[in-house]
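> coordinates for the following, if possible.
(2 chains)
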Amino acid sequence: MSDAIDIRRVVKRYGTFTALHGVSLTIRDNEFFTLLGPSGCGKTTLLRMIAGFEDVTQGEILLFGQNIAGLEPDHRPVNTVFQNYALFPHMSVLDNVAFGLKMKGMAAGPRRARAGKMLEMVHLSAFADRLPAQLSGGQQQRVALARALAPEPRVLLLDEPLSALDLKLRQAMRVELKQLQEDTGITFIFVTHDQEEALTMSDRIAVMSAGHVQQIGSARDIYEAPVNRFVADFIGETNLLEVEVASVQAGMARVVLPGGQQVTCPSATDTLGRHALSIRPERLSLIAAEGDMTATVERVVYLGTDLQLLMRLDGGADMQVRIQNSARTDVPQIGARLGLRIEEGAARLLAD
Amino acid sequence: MKGVRHYPGFLAITVLCLVVLYAPLLVIMAYSFNGSTSITTWGGLSLHWYVDVFTGAEAARFGQAAWNSLTIAVIAATASTAIATAAAVAMIRGGTFRGKRATFALINMPLMVPEIVTAVATLIFFAMIGLTTGYLTILIAHVTFCIPFAYLPIAARLQGIEGHYEQAARDLYASRWQAFRLILLPLMAPGVVSGYLLAFIISLDDFIITNFVKGAGMETLPTAIFGSVKQGIKPNIMAISTLMLVVSILFVALSYLINRKGRRSP
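Purely as a prediction, here's the structure:
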């Protein structure tokens, strides 16, 4: 598989503020790649640099092997779906979709035919003659997608395109976007702060924070094997326990839990001393006997599919546990003292 | 809270303001239909003075002056609108550049400088560079002082248009010029038209600067009216004034309507 985009030690400064501190990452052709992070982490800046709206202060960006520094946005084979869609308000839906083709010099006949086909693809053929303002948010979103895909870009950039939609529509669009990416075979670079969006659609995810890439990997990698506190905490929910490392060897560590029990777990660090141990709430189970740790139930939160138990360890630390809400579930009583068992390999020692 | 209408004295002040503002205009309009040759006694309803404007002794003089006013207003409004549009794009889309505040002040300064000062300065300037006063000097002066008036509505409109439309156009393979012509200019259009109409009215109406730089024998409508009034007010002046008033109201109304339409569909 060839590389669509190669970002090499890219730095972006605005005056004295540094938005990106030497970011390097490679995006493969035909990949659904997500830049995930909280607002202000630099993900949108990076996307805008690929599109050509921001200069690169230092470093280089290669697009299919070609350095694109100095290329104006209209000379880059990438198209963008903007966060607020940026549909041209004075043009019909069809003219919006056909705009890129017109600029590329395609004749009126084939242009209208292709734009019509794109509208068909996003199920909006009936709305071709409307103005954007006459469409709902979800429909505008599809027009923006059709418009960006019509000129057959080699890379499609999506800047939080789902953030303005309501929950149901957002969930439906996730599936549709992924399907569209697979059907067209175009490389998608998707920017979001929503970890659920990232996990459900992406082939690979780059987790960013404060201008640094924290971790790159598949959804499973970053969820199950986070390298540091930030990633563990940002992706999903987790319990972070301060533990003493007794020994560490070949990526496995022996750690002392707050109750004094010892467990072996995968480790992202190879130094002894105190480190954070991440345990996902759903990877803990409650047992009547003494487990790896002992804790008291303080509160039970009903979440529909799950029950969330807020517990306090004997050592004093808070723990969250999630159990499935099935008909056979015994709902624990508040104040009950129970054993906690960590599933095999579910705990992970973090680097920092 | 009570509405402003319930404050004591509201009605009296309102009536006073309206009378001071509009009574003279109403008198002029009414007396322009006066059948009598006197400007103070009413001699019945008549279109006599409107006929006189177009066929009377002064018809040729006023006709030439009106033609001068109209052509100067069209050319000055066109030129100043083009310049103001370019200035607005540079100021609002040009990012930050050194001297931006100073530029903003320079563009809008003519609104603050007393017109008589500008008039004298402009006349001296033309004399210094050896330009003979006449049609051309009026035109240059009008283009200049119309720019800030055209700039205001255009800049206000552009400020309300977010930058991502042009970015989307550039992203979709439009050159800078195409993005401006096909996307930004149509979105700015209500502001541009509004600025054009404002500049047109300001030019049509100007007296002080025009009077200084017009040179001998060259008249615009306002200077011709002033010249005529100096020899005593005749009712035909009221007819001409009423005609100008109607034209002005039409233009202002048009400007307002276009702006309102633009605001509804950004």
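> chain B contacts on the stretch 151-300 of chain A?
A:Pro151 (C-beta under 8 Å from any C-beta of the partner chain). To be clear about C-beta, it is placed using only N, CA and C from the backbone, and glycine gets the same treatment.
> let's see 10 Å
The interface of the stretch 151-300 of chain A toward chain B, taken as C-beta under 10 Å from any C-beta of the partner chain, is made up of A:151, A:153, A:157, A:159.
> quick one: the helices in the stretch 51-200 of chain A?
Assigned helices in the stretch 51-200 of chain A, in chain order: A:93-103, A:108-121, A:137-149, A:167-184, A:195-201 (criterion: DSSP state H, counting those that start in this stretch).
> now render the ones you listed as a markdown table, adding distance to A:Leu272 and mean neighbour count.
As requested, the helices of the stretch 51-200 of chain A are exported to a markdown table (distance: least, C-beta to C-beta, whole Å; neighbours: other C-beta atoms under 10 Å in any protein chain shown):
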| stretch | distance to A:Leu272 | mean neighbour count |
| --- | --- | --- |
| helix A:93-103 | 58 | 25 |
| helix A:108-121 | 57 | 16 |
| helix A:137-149 | 51 | 22 |
| helix A:167-184 | 43 | 15 |
| helix A:195-201 | 32 | 19 |
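> mean pLDDT added to the ones you listed, as CSV?
As requested, the helices of the stretch 51-200 of chain A are exported to CSV (pLDDT from 0 to 100):
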stretch, mean pLDDT
helix A:93-103, 94
helix A:108-121, 92
helix A:137-149, 92
helix A:167-184, 88
helix A:195-201, 90
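> export those to a markdown table and tack on distance to A:Gly59?
Formatted as a markdown table, the helices of the stretch 51-200 of chain A follow (distance: least, C-beta to C-beta, whole Å):
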| stretch | distance to A:Gly59 |
| --- | --- |
| helix A:93-103 | 29 |
| helix A:108-121 | 35 |
| helix A:137-149 | 26 |
| helix A:167-184 | 27 |
| helix A:195-201 | 24 |
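> now do the contacts for A:Gln215.
Applying C-beta atoms under 10 Å, 6 or more residues apart in numbering or on different chains, one finds that A:Gln215 lies in contact with A:36, A:205-209, A:221-222, A:225-228, A:230-232, A:234-235, A:268.
> tell me what it is bridged to.
Taking DSSP bridges, one obtains A:Val207 as the residues bridged to A:Gln215.
> was I right about A:Ile205 contacting A:Asp194?
No. Applying C-beta atoms under 10 Å, one finds A:Ile205 not in contact with A:Asp194, separated by 11.6 Å.
> show me chain A divided up by domain.
By the assignment in automatic domain parsing, chain A contains the domains A:3-224, A:237-349.
> to B:Arg170, which of those lies closest?
Minimum separation from B:Arg170 across the domains of chain A (C-beta to C-beta) falls at domain A:3-224, 4.2 Å.
> and the residue nearest to A:Thr294 when sequence neighbours are not counted, how many neighbours?
The shortest distance from A:Thr294 to any residue that is not its chain neighbour, by C-beta to C-beta, 6 or more residues apart in numbering or on different chains, is 5.0 Å, and that residue is A:Asp314. With neighbours defined by other C-beta atoms under 10 Å in any protein chain shown, the count for A:Asp314 comes to 13.
> for residue 246, give me its contacts.
In the absence of a named chain, this looks at chain A. With C-beta under 10 Å, 6+ apart as the criterion, the residues that contact A:Ala246 are A:253-256, A:262, A:264, A:272.
> hm, I was asking about chain B
Shown here is B:Val246, whose contacts under the criterion C-beta under 10 Å, 6+ apart are B:Met29.
> buried ones in the helix or strand harbouring it?
B:Val246 belongs to helix B:235-264 when assigned by DSSP states H and E. With burial defined by 16 or more other C-beta atoms under 10 Å in any protein chain shown, the residues of helix B:235-264 counted as buried are B:235-242, B:244, B:251, B:255, B:258-259, B:262.
> residue ranges for the strands of chain B, please.
Listed in chain order, chain B contains no strands at all (DSSP state E).
> now residue 212, nearest residue through space, not along the chain?
Defaulting to chain A. Sequence neighbours aside, A:His21 is the residue nearest to A:His212 in space, at 5.5 Å (criterion: C-beta to C-beta, 6+ apart).
> could you do chain B instead?
Distance criterion C-beta to C-beta, 6+ apart; nearest residue to B:Phe212, sequence neighbours excluded, is B:Ala119 at 4.1 Å.
> among the contacts of A:Gln215, name the ones in helices.
If you go by DSSP state H, the contacts of A:Gln215 have A:221-222, A:230-232, A:234 in helices.
> okay, among those residues, which ones form the most distant pair?
The distance between the two most remote of those (C-beta to C-beta) is 15.0 Å, for A:Asp221 and A:Phe230.
> more crowded one of those two?
When neighbours are counted by other C-beta under 10 Å, A:Phe230 comes out ahead of the other of A:Asp221 and A:Phe230, with 21 against 15.
> residues contacting that one?
A:Phe230 sits next to A:37-38, A:41, A:207-210, A:212, A:214-215, A:350, A:352 when contact means C-beta under 10 Å, 6+ apart.
> in chain B, which spans are helices?
Secondary structure of chain B, counting by DSSP H: helices at B:10-31, B:48-55, B:59-93, B:100-112, B:115-128, B:135-159, B:164-171, B:176-178, B:185-205, B:208-213, B:221-230, B:235-264.
> nearest to A:Ile334, of these?
Across the helices of chain B, closest to A:Ile334 is helix B:164-171 (C-beta to C-beta), at 51.8 Å.
> can you name every helix or strand that the closest one contacts?
Based on contacts counted as 3 or more C-beta pairs under 10 Å, 6 or more residues apart in numbering or on different chains; DSSP states H and E, the elements that helix B:164-171 packs against are helix A:43-51, strand A:78-81, helix A:93-103, helix A:137-149, helix B:176-178, helix B:185-205.
> common neighbours of A:Ile205 and A:Asp194, please.
In terms of C-beta under 10 Å, 6+ apart, A:Ile205 and A:Asp194 are both contacted by the residues A:34, A:36.
> before we move on, the earlier item: ranking the domains of chain A by burial, who's on top?
domain A:3-224 (a mean of 19; mean count of other C-beta atoms under 10 Å in any protein chain shown).
> so where's chain B shaky on pLDDT?
Scanning chain B for pLDDT under 70 picks out the ranges B:1-2, B:259, B:261-266.
> how about the residues of it by chain A?
If contact is defined as C-beta under 10 Å from any C-beta, the residues of chain B in contact with chain A are B:161-176, B:178-179, B:182-183, B:186-187, B:189, B:264-266.
> re earlier: redo the domains of chain A as JSON lines? Include distance to B:Ile140.
Compiled in JSON lines, those are given as follows (distance: least, C-beta to C-beta, whole Å):
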{"stretch": "domain A:3-224", "distance to B:Ile140": "35"}
{"stretch": "domain A:237-349", "distance to B:Ile140": "72"}
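> pick out the shakiest of those domains, pLDDT-wise.
Mean pLDDT across the domains of chain A is lowest at domain A:237-349; the value there is a mean of 85.
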